[in-house]
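> what's the 3D shape of this:
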Amino acid sequence: MRNRALIVVLAASALVFLTAMGGKGGGFDRAPRVDKNYAVTVVDLSGNTIQGEKFSWEGRLHFAGSLGMASVTLPFDRIKSITVGEKKERRVKVTARLKEGGEASVEVDADSRCYGDAPFGSFMLTMEEIKSVEFK
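Just a heads-up that it's a prediction; the model follows:
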């Protein structure tokens, strides 16, 4: 009787753990909906190019990070293009060429995500996977 109860508990535990493992799957359903449409050309580290629209960073219309001790935001309205530097610790340096001229650099979380819609469907890349983004 005791062995039977142990087997039932182990089987139930295995079912719970195996079901929980399936949640991440590597994919995502769709890009977050945003109020303004930013058309972009994204180049990833492998050299692939994606022409997209409805671009967002973590579902927002700006990049947020740090500049030294300051917390800063870079609104997409002011950005012509960005380049993303190498990952250092858990952050990447984002250098933005501004529409008015000049540059601004901020450090952002390397695991933060950019989303958008493309002709083939939605896409998602982490900041450490991106080489550059050009805003059209």
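> The most centrally placed residue in the chain: what's it in contact with?
Per Cα atoms, centre = their mean, the C-alpha nearest to the average position across the chain is that of Arg113, at 1.0 Å. Residues near Arg113 by Cβ atoms under 8 Å, 6 or more residues apart in numbering: 57-58, 124-127. (C-beta placed from N, C-alpha, C; glycine too.)
> what sits against Gly47?
Counting by Cβ under 8 Å, 6+ apart, Gly47 touches Lys131.
> Helix, strand, or coil at it?
coil (DSSP: H, G, I helix; E, B strand; the rest coil).
> Okay, the nearest residue to Glu100 once chain neighbours are set aside and Met127: tell me how far apart.
Closest residue to Glu100 apart from its sequence neighbours, by Cβ to Cβ, 6 or more residues apart in numbering: Arg78 at 7.1 Å. In this structure, Arg78 and Met127 are 18 Å apart, going by Cβ to Cβ, to the nearest Å.
> Do I have it right that Gly52 meets Gly121?
No: contact criterion Cβ atoms under 8 Å: Gly52 and Gly121 do not qualify, at 10.3 Å.
> the more surrounded of these two?
Gly52 (23 against 8; other Cβ atoms under 10 Å).
> and that one, that's in a helix?
No: read with three-state DSSP, Gly52 is strand and lies in no helix.
> low-scoring stretches of the chain, by residue?
Flagging of the chain using pLDDT under 70 yields the residue ranges 1-28.
> what about the helices in it?
All helices of the chain, identified by DSSP state H, fall at 2-21.
> What about the closest residue to Lys99 other than its chain neighbours, how many residues nearby?
If the residues on either side of it in the chain are set aside, Lys99 comes closest to Lys80, at 5.0 Å by Cβ to Cβ, 6+ apart. Using other Cβ under 10 Å, Lys80 has 14 neighbouring residues.
> oh, and call the first residue 45 from now on, that's how I've got it
OK, 45 is where the count begins now, so the last one is Lys124.
> ok, now which ones touch Lys124?
Neighbouring residues of Lys124 by Cβ under 8 Å, 6+ apart: 140-143, 178-179.
> Return the distance of it relative to Val116.
18 Å.
> Contacts only, for the closest residue to Ala75 other than its chain neighbours.
Nearest residue to Ala75 in three dimensions, chain neighbours excluded: Tyr159, at 3.7 Å (Cβ to Cβ, 6+ apart). Each residue near Tyr159 by Cβ under 8 Å, 6+ apart is listed here: 75-76, 98-100, 103, 166-168.
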